[in-house]
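Asker: need a 3D model of the following:
(4 chains)
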2 protein chains.
Amino acid sequence: MFEAIDRYTETCISLTQEERSVFHSLLVHKSVPKKTVLLRAGDACDFEAFVVKGCARVFFINEAGKEVDLYFPVENWWISDLPSFTSGKPASLNIETIEACELIVISREAKAKLFAEVPKFERMFRLMLQRANEELMNRFISTVAMSAEERYKLFLKKYPELPNRVPQQLIAAYLGISAEFLSKIRSGKHKKED
Amino acid sequence: MFEAIDRYTETCISLTQEERSVFHSLLVHKSVPKKTVLLRAGDACDFEAFVVKGCARVFFINEAGKEVDLYFPVENWWISDLPSFTSGKPASLNIETIEACELIVISREAKAKLFAEVPKFERMFRLMLQRANEELMNRFISTVAMSAEERYKLFLKKYPELPNRVPQQLIAAYLGISAEFLSKIRSGKHKKED
DNA sequence: CGCGACGTTGATTTGCCTCAACGATTGTGG
DNA sequence: CCACAATCGTTGAGGCAAATCAACGTCGCG
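Answerer: Model (predicted):
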C-alpha cells in the first residue's frame, strides 16, 4: 500500500523500520474518481497528498474568471496549497482530479506529529520544497522569456505523456494561452504565410 | 555583526547560546561594492548569502540575450542559486549587486556542518523555502493573470522603496516588459486617447 | 566638457486574444 | 443501439496590448 511513497522517501532520507512505522501510521490511503474537487479556493486546505496513481490539475481563477493551470500532478508528485495548509488561511488554489486517483494523504496534525517524532522528515520536506522551487522557477522563466510556441514544444519535451492524459484546453491554460491559439500552433497556422 | 541574521533566525526557530555560537562560527561577513558580480550563470554557485545591507539583482539571460530579473534582494533576503549550490552543477542565474552590500555568507560545507551539528536549522531552511515558494507562486500568478500596468502598480505597492534603489530598466526586466513600455505606462501614454 | 547610461516619445509591427461559427468525438438516456 | 447533447478541438476575421525600431532629451561623472 505504501510502496510508492516509501520509494519516494528513500530518495531523500533513510529510515529505520520503526521510523517507517510511525510514518505509515500517520498516513491515510484514499481513492477518488475523476473530476473530483479536492480543494476549492477560499476553503482551508487541510491536507498534503502524494499521488500514487492518476493525474490532477492545480489551478487558480483570476478576477476575470479565467483559469490558469499551475501544474498537472501525476505519479510521485505532491499536491497541496501549502500556504493555506500551513497557516489555515483560505486557499487561493483549486485542485481537481483529471483521472481517477489513488492518493496518500497527511493531515496538518499528522505532519506536525511526524516532525516531532521523526525530525528527519524536516529534511525530506525541505528537499521537496527545493525541488518544487526549482521547477517553479524554470516555469516562471520560460513563461516570461519564451514565445507560446516554444513553451508548447518545451512542454511536449518535458512531459511527453501528458497530452494523452490532459485535455488540450487545460494545456492551453497551463501555457497561459487561449485554447484557440494552441490549436493554431499545433497546425502551424499561427505563422504568417510566405 | 550578526544581529540582523540573529533577528531573522528568531522568526523561525529558537536557539540556545551554544547553538548560536556554532552558527556564528560557520558564517563569514563580507562587504562588496556596487556592480559586483556575485555569480555568473555557468559557474557553480558556492554560497548562500543573507543581505544585511544593500540591494542586488538576481536575473536570468535567455538565448535571445534578453535579461529577466527574478527578484531584487534587499535587507533580510537570502540570495543563491539553490539548485547549483546544492548539486554543484552550473548555475542558471546571475547575481549582481546594485548597491554596495554587506552580506553574511555560508558555504556548502558550512551549511552541511550546520545541519549535522544543529538539526534545528533544517526547519529554518525549510521555512525559508516555504516563504520563497509562496512569493514565487504569487509572482507567477500575477505575471500570467495581470496586465503590465496592473503588475507595475502591484510592484509599487509591494516594494514602495525599490523604485528609488533600482534603475527603471531593471524594473521593466522584472515586470517582463520593455523599458519603453514601462516609460509609457508611467506617463499614461499607453492608453488610447479619447 | 563630452561621453555613456538612463529615460522618453512616436511610428510601425506583431503575437496573441476575442468572438463566432463550425466539425468531430464522446457519452448518455430513451 | 441509436439520437442527441455535451464536450472538445478547429478555423477565420478583426482587434488590442505590448514589442521593436529609431530618434531625441537629460543627467551624472571621468
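Asker: only C-alpha atoms from now on, for both contacts and neighbour counts.
Answerer: OK.
Asker: in chain A, where is pLDDT below threshold?
Answerer: Scanning chain A for pLDDT under 70 picks out the ranges A:192-194.
Asker: would you map the helices across it?
Answerer: Ranges of helices in chain A, per DSSP state H, are A:3-10, A:17-25, A:82-87, A:108-117, A:120-145, A:148-158, A:168-175, A:179-187.
Asker: which neighbouring elements make contact with the longest one?
Answerer: Taking 3 or more C-alpha pairs under 8 Å, 6 or more residues apart in numbering or on different chains; DSSP states H and E as contact, the helices and strands that helix A:120-145 lies on are helix A:108-117, strand B:67-71, helix B:82-87, helix B:120-145.
Asker: in a markdown table, list these along with distance to A:K191.
Answerer: Compiled in a markdown table, the helices and strands packed on helix A:120-145 are given as follows (distance: least, C-alpha to C-alpha, whole Å):
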| stretch | distance to A:K191 |
| --- | --- |
| helix A:108-117 | 50 |
| strand B:67-71 | 26 |
| helix B:82-87 | 36 |
| helix B:120-145 | 23 |
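Asker: hmm, back to that, dump the helices of chain A to TSV, plus mean neighbour count and distance to DNA strand D.
Answerer: Converted to TSV, the helices of chain A look like this (neighbours: other C-alpha atoms under 10 Å in any protein chain shown; distance: least, C-alpha to the nearest atom of the strand, whole Å):
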stretch	mean neighbour count	distance to DNA strand D
helix A:3-10	14	29
helix A:17-25	14	36
helix A:82-87	17	27
helix A:108-117	15	33
helix A:120-145	19	9
helix A:148-158	15	13
helix A:168-175	20	4
helix A:179-187	15	4
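Asker: closest to A:V58 out of the ones you listed?
Answerer: A:V58 sits nearest to helix A:168-175 of all the helices of chain A, at 9.6 Å, using C-alpha to C-alpha.
Asker: might you report the residue contacts of the closest residue to A:M124 other than its chain neighbours?
Answerer: Sequence neighbours aside, A:C12 is the residue nearest to A:M124 in space, at 5.5 Å (criterion: C-alpha to C-alpha, 6 or more residues apart in numbering or on different chains). Taking C-alpha atoms under 8 Å, 6 or more residues apart in numbering or on different chains, we find A:C12 in contact with A:123-124, A:127.
Asker: quick one: contacts for the residue of chain A found nearest chain B?
Answerer: Chain A approaches chain B most closely through A:R126 (4.5 Å), counting by C-alpha to the nearest C-alpha. Shown in contact with A:R126 (C-alpha under 8 Å, 6+ apart): B:122-123, B:125-126, B:129.
Asker: let's see 7 Å
Answerer: Taking C-alpha atoms under 7 Å, 6 or more residues apart in numbering or on different chains, we find A:R126 in contact with B:R126.
Asker: and stretch A:86-100, what's buried?
Answerer: Of all the residues in stretch A:86-100, those buried under the rule 16 or more other C-alpha atoms under 10 Å in any protein chain shown are A:86, A:90-100.
Asker: including distance to A:G176, could those go into TSV?
Answerer: Below are the buried residues of stretch A:86-100 laid out as TSV (distance: C-alpha to C-alpha, whole Å):
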residue	distance to A:G176
A:T86	28
A:P90	24
A:A91	21
A:S92	18
A:L93	16
A:N94	17
A:I95	18
A:E96	19
A:T97	20
A:I98	19
A:E99	22
A:A100	25
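Asker: tell me the one of these nearest B:Y71?
Answerer: For those, the residue nearest B:Y71 by C-alpha to C-alpha is A:S92; the value is 22.2 Å.
Asker: my read: the closest one touches A:G42, true?
Answerer: Yes. A:S92 lies in contact with A:G42 (C-alpha atoms under 7 Å); the separation is 6.2 Å.
Asker: adding distance to DNA strand C, write the helices of chain A out as TSV.
Answerer: Formatted as TSV, the helices of chain A follow (distance: least, C-alpha to the nearest atom of the strand, whole Å):
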stretch	distance to DNA strand C
helix A:3-10	28
helix A:17-25	35
helix A:82-87	28
helix A:108-117	35
helix A:120-145	9
helix A:148-158	4
helix A:168-175	8
helix A:179-187	5
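Asker: in TSV: these, plus distance to B:K153.
Answerer: Formatted as TSV, these follow (distance: least, C-alpha to C-alpha, whole Å):
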stretch	distance to B:K153
helix A:3-10	42
helix A:17-25	46
helix A:82-87	24
helix A:108-117	36
helix A:120-145	18
helix A:148-158	26
helix A:168-175	24
helix A:179-187	29
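Asker: for A:R126, see how far away the residue nearest to A:L127 when sequence neighbours are not counted is.
Answerer: In space, and not counting its chain neighbours, A:L127 is closest to A:C12: 7.0 Å by C-alpha to C-alpha, 6+ apart. Distance, A:C12 to A:R126, by C-alpha to C-alpha, to the nearest Å: 10 Å.
Asker: likewise A:V22?
Answerer: Distance from A:V22 to A:R126, by C-alpha to C-alpha: 19 Å.
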